[in-house]
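Trainee: Here's a sequence, model it:
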Amino acid sequence: RHCVAVDDLKKAAGAADPAALSVPDWAMTAVRAQGNDHRRLEGLIAPGTWNIDPSASAQDILSTLIATSAAQYAQGGLLDTAKTMNMSPYQILIVGSLVQRESKPDDFAKVARVIYNRLHENRTLEFDSTVNYRLDRIEVATTDADRGQNTPWNTYIRPGLPATPICSPGQPALSAAEQPAPGDWLYFVTIDMQGTTLFTRDYQQHLANIE
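Mentor: Numbers count the residues shown, from 1 in each chain. This next block holds a predicted model:
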């Protein structure tokens, strides 16, 4: 009866000053760019088990979670790795979230490489996971209408990375984003219920893999 309400958490996520929510400096610009959309905090709370005071204010709860997560990311080397890769920590966090949503752990490092290869060649990523994110649902096959919606996350329309992470990536996915596998792949598709995924650079081979 005294726990914070979900609606209060969502309201604070969108309306509170990002500084009051302990958003780290490396994410501040991107968070502010999303205005009052509660999705602006996506990815900034690391997955795991957290002890919180359920009767605290929504702002205090979010601030505690984000501050602790930012410290965890820093201790894990995210900031140092970002400098080495000439990227921002926030960009790597976004890549990790895409890896998390697009593949199984065995393929995390390969999918990360596909993302970087496509970005390097100025290709749109075209991930259904980014379309699903704004729709608040998970569809294996999105529709033309879904893919045609112009949102800050839709990588069929938006060049480069989506505006924010699309989930909170676990450590294996984040590690893959920081250390992608070597390879020249541009395409991948999962071909069976066991999760077997085929990677290729050749588009015609990719079409054959889809078949």
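Trainee: What pLDDT is listed against residue 37?
Mentor: Looking at residue 37, its pLDDT is 95.
Trainee: residue contacts, it?
Mentor: residue 14 (Cβ atoms under 8 Å, 6 or more residues apart in numbering). C-betas here are computed from N, CA, C, even on glycine.
Trainee: What segments of this structure are strands?
Mentor: 187-190, 197-200 (DSSP state E).
Trainee: what does the lowest-mean-pLDDT helix or strand in the chain contact?
Mentor: For the chain, the helix or strand with the lowest mean confidence is helix 144-147, at a mean of 83 (criterion: mean pLDDT, DSSP states H and E). Helix 144-147 has contacts (Cβ under 8 Å, 6+ apart) with 128, 131, 132, 135, 139, 154, 156, 157.
Trainee: same thing but at 7 Å, please
Mentor: Here helix 144-147 makes contact (Cβ atoms under 7 Å, 6 or more residues apart in numbering) with 131, 135, 156.
Trainee: Give me the PyMOL select line for those residues, limited to the buried ones.
Mentor: Selection of buried members from the contacts of helix 144-147 for PyMOL, criterion 16 or more other Cβ atoms under 10 Å:
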select buried, resi 131+156
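Trainee: Restricted to helices, list the contacts of helix 144-147.
Mentor: 131, 135 (DSSP state H).
Trainee: min pLDDT across the contacts of helix 144-147, which one?
Mentor: residue 135 (83).
Trainee: and the nearest residue to that one once chain neighbours are set aside, how far is that from residue 167?
Mentor: In space, and not counting its chain neighbours, residue 135 is closest to residue 146: 6.4 Å by Cβ to Cβ, 6 or more residues apart in numbering. Note on residue 146: its distance to residue 167, by Cβ to Cβ, to the nearest Å, is 18 Å.
Trainee: What helices and strands are in contact with the longest helix anywhere in the chain?
Mentor: The single longest helix within the chain, with elements called by DSSP H, is helix 58-75. In terms of contacts (3 or more Cβ pairs under 7 Å, 6 or more residues apart in numbering; DSSP states H and E), helix 58-75 is packed against helix 6-15.
Trainee: Return the alpha-carbon coordinates of the helix it packs on using CSV.
Mentor: In CSV, the C-alpha atoms belonging to helix 6-15 read as follows (Å, rounded to 0.1, in the frame of the first residue of the first chain):
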residue,chain,number,x,y,z
VAL,A,6,4.4,2.5,-11.7
ASP,A,7,2.8,5.6,-13.1
ASP,A,8,4.8,7.8,-10.8
LEU,A,9,8.0,6.1,-11.9
LYS,A,10,7.1,6.6,-15.6
LYS,A,11,6.2,10.3,-14.9
ALA,A,12,9.5,10.9,-13.1
ALA,A,13,11.4,9.2,-15.8
GLY,A,14,10.0,11.7,-18.3
ALA,A,15,9.6,14.9,-16.4
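Trainee: buried set for it?
Mentor: Under 16+ other Cβ under 10 Å, the buried positions of helix 6-15 are 9, 12, 13.
Trainee: would you list the residues you listed in a markdown table and tack on distance to residue 106 and pLDDT?
Mentor: Shown next, in a markdown table, are those (distance: Cβ to Cβ, whole Å; pLDDT from 0 to 100):
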| residue | distance to residue 106 | pLDDT |
| --- | --- | --- |
| 9 | 34 | 95 |
| 12 | 38 | 97 |
| 13 | 33 | 97 |
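Trainee: Good, wrapping up.
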